Structures are given as C-alpha cells and as structure tokens.
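Novice: have a look at this prediction, sequence included:
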Amino acid sequence: MVKNIAIFASGSGTNAENIANYFRNKLGFSIKLIVTNKSDAFVIERAKRLNIDSAYISKQDWNNQEQVITLLDKYQIDFIVLAGFLLKIPKYLLDKYPGRIINIHPALLPKYGGKGMYGDKVHQAVVEAGEVESGITIHYCNEHYDEGNIIFQAKCQILPTDSYKDVAKKVHELEYIHFPNTIEKLLLDINSKS
C-alpha cells in the first residue's frame with residue numbers, strides 16, 4: 001500500500017527537494033504535497049519544478065482545523081515530515097497523526113532546541129558556546145518545540161577554526177544523507193505493523 005507523504009517547510013526547501021528526489025522512484029511511497037506557511041517561500045518554486053502540489057497556509061489559517069484537515073484528507077496524507085517548518089504543530093494534527101509527524105533539528109537535542117532556535121541561529125549558538133560537536137536530531141513531534149521522542153541522531157566534529165557557516169555545511173550534509181532514509185525506515189516499520 002502506498003504511503004502518501006506531506007512535507008511542511010517554511011523556507012528555501014533544500015531538504016524538501018532532497019527528500020522528494022530520494023523517494024521519486026521508490027515504490028510504495030509518494031510525496032503528495034508540500035505545505036508552507038510563507039507565501040514567498042522558495043520551497044513553492046521547488047515544488048513546481050518537482051511537479052508536486054503545494055499549498056500555502058497562513059498563520060491565521062493554521063488554527064482553522066477543518067481547513068487544514070480537509071487539505072490533508074484531499075491528498076490522503078499518511079505521514080507528515082517537517083523540513084525547516086517553523087510553526088508549532090497544533091494538537092488537532094498531533095491527534096490525527098499520532099506517531100506520524102516527524103521533525104529534523106540542526107543540533108543534538110536536547111541542546112539548542114526550543115522556540116526561536118532554527119537554522120543559522122542554532123549554528124551560531126553552538127559555535128559561541130565552544131562546542132566540539134554538533135549534528136542532527138530526527139524526532140517525533142509533540143505539543144512542545146523540539147521535545148518529542150528522539151528517533152535518530154548523527155554527529156559531526158566542530159573544529160576550533162569553524163565558523164557557524166562551516167558548521168551549517170556539515171550539518172546540512174548529515175541532513176541530506178540521513179533524513180530521507182530515516183523517513184523510509186519509519187514508513188516501512190509502520191507498513192509492517194498495519
């Protein structure tokens with residue numbers, strides 16, 4: 001049975017594109033929809049190029065449970081992947097997709113997580129704190145930012161000479177390698193249990 005995936009992204013969408021390309025020729029998986037909360041997010045352009053439908057949901061509409069659920073039902077979404085999505089996931093979505101919404105965070109949680117900690121802000125904080133390693137955390141979503149159960153972590157070394165941009169590059173490489181195959185493993189596990 002095909003698992004239909006929605007990717008939620010707020011920005012450029014490099015991870016969304018990487019995930020879409022990973023699943024392009026894999027049987028049993030379909031990236032059906034890319035959702036963004038920013039009308040000018042470059043991820044919309046990427047979705048067009050990838051021939052994937054996209055939807056813009058404003059911050060106000062995000063609280064409209066019926067509208068959001070209707071959209072996801074239209075595409076028969078089974079699983080939601082947050083790839084640089086900055087809005088908090090509302091309870092109604094957590095209830096509808098229990099254990100089927102995951103996020104990637106560009107640091108080793110529980111460090112450097114929470115509201116306002118995203119993108120370069122995380123890498124700057126990591127460098128300023130003098131950390132010797134950083135990495136990625138893939139985790140389930142719950143009602144708090146970056147506090148859901150951890151699924152997978154991967155680490156990279158930080159050199160004393162590394163700028164936050166150097167750290168960002170290392171972390172992005174980990175995201176591109178590990179995020180798509182972690183999604184696939186989770187979906188295969190869900191399939192085997194259903």
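Specialist: Perfect, thanks for sending it.
Novice: I'd like the average pLDDT over stretch 110-130.
Specialist: What stretch 110-130 shows for mean pLDDT is 95.
Novice: okay, buried residues for it please.
Specialist: For stretch 110-130, the neighbour count (16 or more other Cβ atoms under 10 Å) marks 111-113, 117-118, 122-127 as buried. (C-beta placed from N, C-alpha, C; glycine too.)
Novice: now, those residues that are in helices?
Specialist: Judged by DSSP state H, the buried residues of stretch 110-130 include 122-127 as members of helices.
Novice: for Asp146, which non-adjacent residue is spatially closest?
Specialist: Of all residues not flanking Asp146 in the chain, Gly113 sits nearest, at 3.2 Å (Cβ to Cβ, 6 or more residues apart in numbering).
Novice: how near is the one you found to Ile7?
Specialist: 21 Å (Cβ to Cβ, to the nearest Å).
Novice: ok so, going back, now, the most widely separated pair of the buried residues of stretch 110-130?
Specialist: Gly113 and Val127 (16.4 Å; Cβ to Cβ).
Novice: and which of the buried residues of stretch 110-130 is nearest to Thr137?
Specialist: Gly113 (7.8 Å).
Novice: how near is that closest one to Leu174?
Specialist: Applying Cβ to Cβ, the value for Gly113 to Leu174 is 16 Å.
Novice: just send the buried residues of stretch 110-130 back as JSON lines, with distance to Ile190 too.
Specialist: Shown next, in JSON lines, are the buried residues of stretch 110-130 (distance: Cβ to Cβ, whole Å):
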{"residue": "Lys111", "distance to Ile190": "29"}
{"residue": "Tyr112", "distance to Ile190": "29"}
{"residue": "Gly113", "distance to Ile190": "25"}
{"residue": "Met117", "distance to Ile190": "29"}
{"residue": "Tyr118", "distance to Ile190": "27"}
{"residue": "Val122", "distance to Ile190": "29"}
{"residue": "His123", "distance to Ile190": "32"}
{"residue": "Gln124", "distance to Ile190": "36"}
{"residue": "Ala125", "distance to Ile190": "34"}
{"residue": "Val126", "distance to Ile190": "32"}
{"residue": "Val127", "distance to Ile190": "37"}
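Novice: ok, the residues you listed vs Lys26, which is closest?
Specialist: Closest to Lys26, out of all of those and judged by Cβ to Cβ, is Tyr118, at 28.5 Å.
Novice: surely that closest one meets Ala83?
Specialist: No: under the criterion of Cβ atoms under 8 Å, Tyr118 makes no contact with Ala83, lying 11.6 Å away.
Novice: what sits in contact with each of the two?
Specialist: Residues touching both Tyr118 and Ala83 (Cβ atoms under 8 Å, 6 or more residues apart in numbering): there are none.
Novice: with just CA atoms, put stretch 182-194 into CSV.
Specialist: The C-alpha coordinates for stretch 182-194 follow below in CSV (Å, rounded to 0.1, in the frame of the first residue of the first chain):
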residue,chain,number,x,y,z
THR,A,182,15.2,7.5,8.3
ILE,A,183,11.8,8.5,6.9
GLU,A,184,11.8,5.4,4.7
LYS,A,185,12.7,3.1,7.7
LEU,A,186,9.9,4.6,9.8
LEU,A,187,7.3,4.2,6.9
LEU,A,188,8.4,0.6,6.3
ASP,A,189,8.0,-0.1,10.0
ILE,A,190,4.5,1.5,10.0
ASN,A,191,3.6,-0.7,7.0
SER,A,192,4.8,-3.8,8.6
LYS,A,193,2.6,-3.1,11.7
SER,A,194,-0.6,-2.2,9.7
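Novice: great, nothing more from me.
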